[in-house]
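[1] Next input, structure requested:
(one chain, ligands or ions: 1)
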Amino acid sequence: VLWGVGRQKGGRAVRCFEGTTLQLLNCWGQPGSWYFSIQPYCQKPKGTPGVGKTTLGKELASRSGLKYINVGDLAREGQLYDGYDEEYDCPILDEDRVVDELENQMSEGGVIVDYHGCDFFPERWFHIVFVLRADNSVLYKRLETRGYNEKKLKDNIQCEIFQVLYEEALASYKEEIVHQLPSNKPEDLEDNINQILKWIEQWIKDHSS
Ligand SMILES: Nc1ncnc2c1ncn2[C@@H]1O[C@H](COP(=O)(O)OP(=O)(O)OP(=O)(O)O)[C@@H](O)[C@H]1O
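    The predicted structure is shown next:
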């Protein structure tokens, strides 16, 4: 069993247990993935982009010592696609190849996974799942800034309204490990990070005997 020591932040050292595995979902209007201004793939939108997964995931990794994996980036780098969705103008993710690609790292643990969907990940991979939620008006502005076309904008906001990703997370994992977090303003980000760091500390205590 390996232990890691996170960066000193806010006056306290954050220890993390490298066997801990978290998943950040952007939808996290729900969970969702964490990627940048260009939607690298989408199929039909399953979860909401732009809720703040990447922002939270990277900062959390920096403070906790856990490793951050962005599934969107992974797919793009390895061309893990299975065709092209003309309607949404984006490549279709090859979910089986993504799972194969991640399997070794996930077995080792100590990973934060950022993606806007979760139903194809093995349930055993995650100790906790966070679904980020943003208010529609906030989300609209974030996605508009990205230059999304009207259809993509509408579909993604609807995704948030109908809690698509949250429902997907509940259907994919035990209810008690799925948590929603607000992601509207900078204070939310700080609160979420502190809350997750506390969870990691507690997880360490519970598994250190
Ligand atoms: N808590 C927050 N308060 C204010 N702005 C935020 C917050 N979290 C993220 N943002 C901003 O929202 C935008 C989208 O964030 P981010 O790229 O992290 O979302 P995402 O969920 O990873 O998106 P995608 O799924 O498309 O990768 C960024 O401009 C980021 O700075």
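
[2] which residues in the protein form strands?
    3-5, 15-17, 21-25, 67-70, 81-85, 90-93, 111-115, 128-133, 178-182 (DSSP state E).

[3] Report the rounded mean pLDDT for stretch 72-92.
    Stretch 72-92 shows a mean pLDDT of 88.

[4] From here on, call the first residue 878.
    Sounds good: first residue 878 from here, last item stretch 949-969.

[5] Could I have the CA atoms of that stretch written out in CSV?
    Only the C-alpha atoms of stretch 949-969 are listed here, as CSV (Å, rounded to 0.1, in the frame of the first residue of the first chain):
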residue,chain,number,x,y,z
GLY,A,949,-11.6,13.3,-23.5
ASP,A,950,-7.9,14.0,-23.8
LEU,A,951,-7.1,10.3,-23.5
ALA,A,952,-9.5,9.5,-26.4
ARG,A,953,-8.1,12.2,-28.6
GLU,A,954,-4.5,11.3,-28.0
GLY,A,955,-5.1,7.6,-28.7
GLN,A,956,-7.8,8.2,-31.3
LEU,A,957,-10.1,5.9,-29.3
TYR,A,958,-13.1,6.6,-31.6
ASP,A,959,-15.6,4.4,-33.3
GLY,A,960,-16.9,6.5,-36.2
TYR,A,961,-18.3,10.0,-36.5
ASP,A,962,-21.6,11.5,-35.4
GLU,A,963,-22.7,13.8,-38.2
GLU,A,964,-25.6,15.2,-36.3
TYR,A,965,-23.5,16.5,-33.4
ASP,A,966,-20.4,16.9,-35.6
CYS,A,967,-18.0,15.0,-33.4
PRO,A,968,-16.2,11.6,-33.1
ILE,A,969,-17.9,8.8,-31.3
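
[6] Let me know which of the strands of the chain is the nearest to residue 925.
    Residue 925 lies closest to strand 1005-1010 among those, at 8.4 Å (C-beta to C-beta). For the C-beta atoms, the positions are set from N, CA and C on the backbone; glycine is no exception.

[7] Pairing partners for the closest one, with directions?
    According to DSSP bridges, strand 1005-1010 forms sheet pairs with strand 898-902 (parallel), strand 1055-1059 (parallel).

[8] in the longest helix anywhere in the chain, what's buried?
    Using DSSP state H, we find that the single longest helix of the chain is helix 1063-1083. Of all the residues in helix 1063-1083, those buried under the rule 16 or more other C-beta atoms under 10 Å are 1065, 1066, 1069, 1070, 1073, 1074, 1076, 1077, 1078, 1080.

[9] Tabulate those residues (TSV), appending pLDDT and distance to the ligand.
    Formatted as TSV, the buried residues of helix 1063-1083 follow (pLDDT from 0 to 100; distance: C-beta to the nearest ligand atom, whole Å):
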residue	pLDDT	distance to the ligand
1065	96	4
1066	96	4
1069	95	7
1070	95	10
1073	93	13
1074	93	16
1076	91	18
1077	88	19
1078	90	22
1080	87	23
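
[10] Among the residues you listed, find me the one that's closest to residue 953.
    The shortest approach to residue 953 among these belongs to residue 1066, at 25.1 Å (C-beta to C-beta).
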